[in-house]
Structure formats: C-alpha cells, structure tokens
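Peer 1: mind looking at a prediction? Sequence and model below.
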Amino acid sequence: MADGRDYPRVPDVRDGLTHRERVVLYCLHQLQQERSGRNVPTPMLYGRVVEHMDMSVQELQTILQRLIGTESRG
C-alpha cells in the first residue's frame, strides 16, 4: 500500500491535504505546543519542516497561504 511520501503533491481524498501540507501542519502543531500556544514565527516553522523534507521557502509560503485561505485568485 502506498503512503503519502509516494505522491507528496496529490491531495488525500479524506481531507484534500497533500503529504507536504500535512507535514507543515504537524510541525506547526508541535511548535505551538512547545511555545504554549503562542504564535510560531515562519522561519522557526521552516526550520522544523526541512528536518522532515526538502522544501523551498516559497513552497512553504504557498502552502501556508493555501491553508489560511489567502492565496491569490488571479
């Protein structure tokens, strides 16, 4: 059976998240817990994400924009 790492950019049918988005959310959740619910600086999140997978800063920003609903619609 294939896991999310085989298709990192294909959305999961259960919730529409890609494996890469799921890693970003997982890291964000971990950091929020470590920081007692305080906001997580993007550079700190990026550092944690790249411990799990190779990702550019631009890709992280694109994922964050998509997750919070501010991606451009042009």
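Peer 2: Structure's in. What do you need?
Peer 1: use CA for all of it now, contacts and neighbours both
Peer 2: Fine.
Peer 1: could I get the pLDDT score of Glu71?
Peer 2: At Glu71, the model reports a pLDDT of 61.
Peer 1: Gly16 now?
Peer 2: The model reports Gly16 with a pLDDT of 83.
Peer 1: checking it next. Helix, strand or coil?
Peer 2: coil (DSSP: H, G, I helix; E, B strand; the rest coil).
Peer 1: ok, now how distant is it from Ser36?
Peer 2: Separation of Gly16 from Ser36 (C-alpha to C-alpha, to the nearest Å): 28 Å.
Peer 1: neighbour count: these two, which is higher?
Peer 2: The neighbour comparison of Gly16 against Ser36 (other C-alpha atoms under 10 Å) goes to Gly16, with 11 against 8.
Peer 1: scan this structure for its longest helix.
Peer 2: In terms of residue count, the longest helix belonging to the chain (DSSP state H) is helix 19-34.
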